[in-house]
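Chemist: dropping a prediction and its sequence here:
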Amino acid sequence: MKALVVYYSKSGNTREIGQNIAREIPCDIEEIYDTQNRSGIIGYIKSAYQANRGKLTTIKPMEKDPTNYDIVIIGTPVWASRPAVAVTTYLTENKDKFKDVAFFVTYGGSGFKKTIQTMETIIGTKPVQTMGIRAKEIENKTCDCKIDPFVRDIGN
Ligand SMILES: Cc1cc2nc3c(=O)[nH]c(=O)nc-3n(C[C@H](O)[C@H](O)[C@H](O)COP(=O)(O)O)c2cc1C
C-alpha cells in the first residue's frame, strides 16, 4: 500500500504528529505551505475568521500527486472548529484525486469532530481512520498511544 502524509502546521504541533506517523509506516511526506502572513494577533483573528467561513488561500505548489497513492493521510490544526485555511484549500483543490483518506487533527480542546466532518464534506469521502490529539498531549508526550493504533488500523 502506497501512503502519503500531508499536513499543514502553523506552530509545529501538527508537523510533529505528521513526522511521527511517517516514522511508523513506509510513506512519503509533504508539508502544505500557506502564502498568507498569519503572524500576531491580527493573523490569529484573520485565520479564525477565514477558517470559520470556509475561505480559501493560495498554497505553495505541492510536489506529490495524490492520485499516485492508495491512501493520503491528511493533518490539520483546528481553527475555529474547522480545518486550517491551507488544508481546506488543499482538500478543495484535490478532492477528485483521493482514493482512501485518513485524517489527523491537533487542537486545544474543542472542535475536533466538526473539523473532521468539514474535511469529509469537502472531499465527499469518509476517512478510513481519524485521530484527534490535544496540544497538551503533545506537550506531555502522551500522544504515542494514539498514534500507534491509528497507523495500525490504516495498515489493515
Ligand atoms: C487561528 C486559530 C484558531 C484556533 N481555533 C481553535 C479551536 O477552535 N479549538 C481548539 O481546540 N483549538 C484551536 N486552536 C489551537 C490549535 O488548534 C492548536 O494549538 C493546534 O495544535 C496548533 O497546531 P499547529 O502547531 O500545527 O499549528 C486555534 C489556533 C489558531 C492559530
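Modeler: Nice, thanks for sending it over. Residues are numbered from 1 along each chain as shown.
Chemist: how about the residue nearest the centre of the chain: which residues does it bridge to?
Modeler: The chain has G75 as the residue nearest its centroid, 1.6 Å off, counting by CA atoms, centre = their mean. Residues in a beta bridge with G75, per DSSP bridges, are Y7, F104.
Chemist: any idea how far it is from E24?
Modeler: 14 Å (CB to CB, to the nearest Å). Bear in mind the C-beta positions are built from the backbone N, C-alpha and C, glycine included.
Chemist: try K136
Modeler: Taken as CB to CB, the span from K136 to E24 is 22 Å.
Chemist: do the same with I42
Modeler: I42 sits 38 Å away from E24, going by CB to CB.
Chemist: higher neighbour count, these two?
Modeler: Neighbour totals were compared for I42 and E24, and E24 leads with 15 against 10 (other CB atoms under 10 Å).
Chemist: so what's the residue count around the closest residue to the more buried one other than its chain neighbours?
Modeler: Excluding the flanking residues, the one nearest E24 by CB to CB, 6 or more residues apart in numbering is V151, at 4.5 Å. Neighbour count for V151, taken as other CB under 10 Å: 22.
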